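Chemist: could you look at this predicted model? Sequence included:
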Amino acid sequence: MGKITVETCHIEGLKVITPAVFGDERGYFMETYNYNDYKAAGIDMEFVQDNQSSSRKGVLRGLHFQINYPQDKLVRVVSGEVFDVAVDLREGSPTYGQWYGVLLSAENKKQFFIPKNFAHGFVVLSDSAEFAYKCTDFYHPNDEGGLAYNDPDIGVEWPIPEGMELILSDKDQKWGSFKEYTANRSKKD
């Protein structure tokens, strides 16, 4: 019991996971994580922290990453619906600077595996959403990095319905561009 289906993406390392759901007239049951199943799918990680957030419609969180303590993440939606995005920040990767997005919802029960060295963000499309994720490193508040969600060089196609007003934190409104990120990285090398 508990087998998963794993879809690979055009960006190496990203995976969309659909768990087996067993339902009847009473409701449903699913395993949201089983180490053996994930290891067999190439996701052999030690998750050290679980996080959960609640957001209302129009909230856009991201695009975030940790600079010196990067995290692998396994994300899912417990209630509601979000459009979840990962941007490849792995230097030397053939998809460096490219993004991939997936609709995650309580209804489709999909999960998204995002390896280290990706920026990550999501926008809430339902009235509200609860978002849960596992991380392979602890959160370090002084190690935050981010990219502007609307940077034209990245070109994320956020599925924002007409008339929906975006709600961003002050911090998320101030992140720089991908060009600035790349220039700053090359200065450090």
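Modeler: Thanks, I have it. Numbering: from 1, shown residues only.
Chemist: from here on, just use CA atoms for contacts and neighbour counts.
Modeler: OK.
Chemist: so the spatially most central residue of the chain: helix, strand or coil?
Modeler: Centroid-nearest residue in the chain: His120, 4.7 Å away (criterion: C-alpha atoms, centre = their mean). Classification of His120 by DSSP: H, G, I helix; E, B strand; the rest coil places it in strand.
Chemist: isn't it right next to Pro70, touching?
Modeler: No - the criterion here is C-alpha atoms under 8 Å, and His120 misses it with Pro70 at 11.4 Å.
Chemist: still on that earlier bit, is the residue nearest to the centre of the chain in a bridge, and if so with what?
Modeler: His64, Ala86 (DSSP bridges).
Chemist: report pLDDT for it.
Modeler: Looking at His120, its pLDDT is 98.
Chemist: so who does it touch?
Modeler: Gly62, Leu63, His64, Phe65, Asp84, Val85, Ala86, Val87, Ile114 (C-alpha atoms under 8 Å, 6 or more residues apart in numbering).
Chemist: and with 10 Å instead?
Modeler: 61-65, 73, 84-88, 99-101, 114, 146-147, 149 (C-alpha atoms under 10 Å, 6 or more residues apart in numbering).
Chemist: now Pro115
Modeler: 12-15, 43, 70-74, 86, 88, 90, 135-136.
Chemist: the chain: helices as residue ranges?
Modeler: Using DSSP state H, the helices assigned to the chain run over residues 35-40, 178-188.
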